[in-house]
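# let me see the structure of the following:
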Amino acid sequence: MARKSRMGVLKRQRELKKAEKAAMKRERRKLRKEEAAAAESDTATQDDLAGYGLGADEDEPASGAEE
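Below you'll find the model as predicted:
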């Protein structure tokens, strides 16, 4: 009989572990979603502008081309 009760304890431990893992996954998913929402912006960065060829103003000379 002792073996049967031990199996019940092990089963509860497995279920608890699975529930904790699922809770951690939900939390990670929530954090990723929040970070993605915060990362979305309508403002272009300097790298974005450079990619479009708009990074440097043509009126200003480059730092090495003052000759």
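
# any weak-confidence spans in this structure?
Scanning the chain for pLDDT under 70 picks out 1-4, 41-42, 55-67.

# pick out the residue nearest the middle of it.
Ranked by distance to the mean C-alpha position of the chain (CA atoms, centre = their mean), the top residue is Arg32 at 4.3 Å.

# what sits against that residue?
Arg32 sits next to no residue when contact means CB atoms under 8 Å, 6 or more residues apart in numbering. (Each C-beta comes from the backbone N, C-alpha and C, glycine too.)

# buried ones in the helix or strand harbouring it?
Following DSSP states H and E, one finds Arg32 within helix 2-39. Residues of helix 2-39 include none that count as buried (16 or more other CB atoms under 10 Å).

# give me the distance between Lys17 and Ala23.
As defined by CB to CB, to the nearest Å, Lys17 lies at a distance of 11 Å from Ala23.

# same question, Ala38
23 Å.

# could you do Val9 as well?
Separation of Val9 from Ala23 (CB to CB) stands at 21 Å.

# next: Asp48.
Separation of Asp48 from Ala23 (CB to CB) stands at 38 Å.

# got it, and Ala36?
On the measure of CB to CB, Ala36 and Ala23 end up 21 Å apart.

# SS state for Leu54?
When classified by DSSP: H, G, I helix; E, B strand; the rest coil, Leu54 comes out as coil.

# from now on call the first residue 5
Okay, residue one is now 5; in that scheme the one you just asked about reads as Leu58.

# what's around it, how many residues?
For Leu58, the tally of surrounding residues (other CB atoms under 10 Å) stands at 12.
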